[in-house]
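A.B. asks: 3D, please:
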Amino acid sequence: MPRPTIAQLLTGTLTVVAATVALLAVSHATGVFEIAVLATFAVALGTLATALQMAAARRRPDRSPAPAPAAPPVPEYARH
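C.D. replies: Numbering: from 1, shown residues only. Predicted coordinates:
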């Protein structure tokens, strides 16, 4: 499996941080177990976001330019 790029890692990290903050703010969790469950869910969400980006990058066609077509061979009588 290919390694994720920096952009994919940053997207996953941002997803984890944003999901953790949002889940903790909405749930008003105070117990250690509740916070651990929410943080685990956020990490799973960030991992999923990175994996989906990697899968989408593999499905994209290669964007390298196509090689220029070769010139047709010049007939012998035209080489004078």
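
A.B. asks: Tell me which helix or strand Pro73 sits in.
C.D. replies: Under the criterion of DSSP states H and E, Pro73 resides outside all helices and strands.

A.B. asks: Okay, buried residues for the host helix or strand of Leu38 please.
C.D. replies: Here Leu38, judged by DSSP H and E, is contained in helix 32-59. The neighbour-count check on helix 32-59 (16 or more other C-beta atoms under 10 Å) flags 38-39, 42, 45-46, 49-50, 53-54 as buried. (C-beta placed from N, C-alpha, C; glycine too.)

A.B. asks: show me the residues around the most centrally placed residue in the chain that make contact.
C.D. replies: Nearest to the mean C-alpha position of the chain, counting by C-alpha atoms, centre = their mean, stands Gln53 at 2.7 Å. Neighbouring residues of Gln53 by C-beta atoms under 8 Å, 6 or more residues apart in numbering: 4, 7-8, 11-12.

A.B. asks: per-residue pLDDT, it?
C.D. replies: On pLDDT, Gln53 comes in at 86.

A.B. asks: thinking again about what came up before, max pairwise distance over the contacts of Gln53: which two?
C.D. replies: Comparing every pair within the contacts of Gln53 by C-beta to C-beta identifies Ala7 and Gly12 as the most remote, at 9.8 Å.
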